[in-house]
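> Next one to model:
(chains A and B)
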Amino acid sequence: MVLILLVLLRAIIGPTVIDRLISINAITSKVCVIILLIAFAGEEYGFVDIAFVFMLSGFVGGLWILKVLAPGDWELKIPGLKGFEGEREEGVSHD
Amino acid sequence: MIKWIVFICFSGSFLAFGLGTLGLYKFPDPYTRMHAVGMGDTFGVGLIALGLFLLSPSWVLRLKLMVILFLFWTINPTMTHLVAKVGLIHGVQPVKNTRLRKG
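Model (predicted):
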């Protein structure tokens, strides 16, 4: 539960969109685990199904966010990945 | 005996989640952070499901736990892969002096 707060802090201060996405995925898996533990601690075994549905809905939500982020098609639009190498030549000597 | 095995499983899963969160703070790059979180979550959920598998009273619950574990182990690497791909499309830069190759 403390770890959820730490991951949420990373989601708040994360500099890029990808940080927030992976933080949301981590929070989803941790909440799923906590629901499983509550189900087995209180002996209410219907909560196992709730954890199942929670995991699947988190996956579908993440897929929707990814589809919004990706422009148009799903293929890589960087031929030979030249877009990265061109911008990196300024600060190469970074040993 | 079973109690100690379950205790070891839960401690290991908590350790895995904690190491994933530590990696989320210590790595310099969204892609390396993604790697740390993926490893930690997959291992942690696997150990939790193993411990609850030993604790569960009936076989229906064990079947449900196995379905959850199977789906999580297929969904989480797929999600990590898609997030990395969309990040490259979207233009998130890796850390400097990274050697990229296609495929």
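> Can you list the buried residues in the strand or helix carrying residue B:69?
Using DSSP states H and E, residue B:69 sits within helix B:59-90. Within helix B:59-90, the residues that count as buried by 16 or more other Cβ atoms under 10 Å in any protein chain shown are B:61-62, B:64-65, B:68-69, B:72, B:75-76, B:79-80, B:82-84, B:86-89. (Each C-beta comes from the backbone N, C-alpha and C, glycine too.)
> Taking their axis directions, the longest helix that chain A contains and helix B:59-90 sit at what angle?
Secondary structure of chain A per DSSP state H: the longest helix is helix A:17-41. Relative orientation of helix A:17-41 versus helix B:59-90 (axes from the mean of the first three to the mean of the last three Cα atoms, to 10 degrees): 170 degrees.
> so what's residue A:71 scoring on pLDDT?
We have a pLDDT of 66 for residue A:71.
> taking the mean pLDDT, what do you get for the helix holding residue B:69?
In the prediction, helix B:59-90 has an average pLDDT of 87.
> any weak-confidence spans in chain A?
Scanning chain A for pLDDT under 70 picks out A:1-3, A:5-9, A:11, A:71-95.
> could you pull out the helices for it?
Using DSSP H, helices in chain A cover A:2-13, A:17-41, A:47-69, A:82-88.
> tell me what the second one is packed against?
Using 3 or more Cβ pairs under 8 Å, 6 or more residues apart in numbering or on different chains; DSSP states H and E as the contact criterion, the elements in contact with helix A:17-41 are helix A:2-13, helix A:47-69, helix B:2-26, helix B:30-55, helix B:59-90.
> coming back round to it: dump the helices of chain A to JSON lines, plus mean neighbour count.
Putting those into JSON lines (neighbours: other Cβ atoms under 10 Å in any protein chain shown) gives the following:
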{"stretch": "helix A:2-13", "mean neighbour count": "15"}
{"stretch": "helix A:17-41", "mean neighbour count": "21"}
{"stretch": "helix A:47-69", "mean neighbour count": "15"}
{"stretch": "helix A:82-88", "mean neighbour count": "12"}
